[in-house]
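Trainee: just need the structure, nothing else, for what follows:
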Amino acid sequence: MFSNKKGYRVERKIRLILSKHGWHVVRSGGSLGEYDLIAFKHKKCVFFQIKSTSKKVLYYYGYNKSSFLGFPFLLVVDFGYGNVRVLKPRGKVKPSDGEKFEEYLQKNP
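Mentor: Coordinates of the predicted model:
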């Protein structure tokens, strides 16, 4: 069914967190495009690329602009142990980069 079960689980986890905060979320079928999730809330739309790692650094080689089709494009990285970070895309991401995903959601209702 899914060739990347870990990736699917992390996408599902992020989707559930977004839903808990009132966002309507659509998963990109097969995740073959630039983004994994599209989230809508109060006439806002945000594109998310979801990654996970157990290492101290994530090297990201995907889409690296802060907007996609004129809407915000953000990278969400699950470093494990409850440390989920959100930030504008960049090539090298450390567990302290960006901000905690839950804090981002509280600041962006």
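
Trainee: all contacts plus neighbour counts: C-alpha atoms, from now on.
Mentor: OK.

Trainee: beta partners of the most centrally placed residue in the chain?
Mentor: Closest to where the C-alpha atoms of the chain average out (C-alpha atoms, centre = their mean) is Val76, at 3.1 Å. On the basis of DSSP bridges, Val76 is bridged to Ile50, Val86.

Trainee: isn't it right up against Val84?
Mentor: Yes. Contact criterion C-alpha atoms under 8 Å: Val76 and Val84 qualify, at 6.9 Å.

Trainee: now do the shared contacts for the two.
Mentor: When contacts are counted by C-alpha atoms under 8 Å, 6 or more residues apart in numbering, Val76 and Val84 are jointly contacted by Phe101.

Trainee: any idea which helix or strand comes after the one helix or strand Lys13 maps to?
Mentor: Taking DSSP states H and E as the criterion, Lys13 maps to helix 5-20. For helix 5-20, the succeeding helix or strand toward the C-terminus, using DSSP H and E, is strand 24-27.

Trainee: in the helix or strand of the chain with the lowest mean pLDDT, what counts as buried?
Mentor: Least confident helix or strand, the chain: helix 5-20 with a mean of 88, by mean pLDDT, DSSP states H and E. Residues 7-8, 10-11, 14-15, 18 are the ones in helix 5-20 that count as buried (16 or more other C-alpha atoms under 10 Å).
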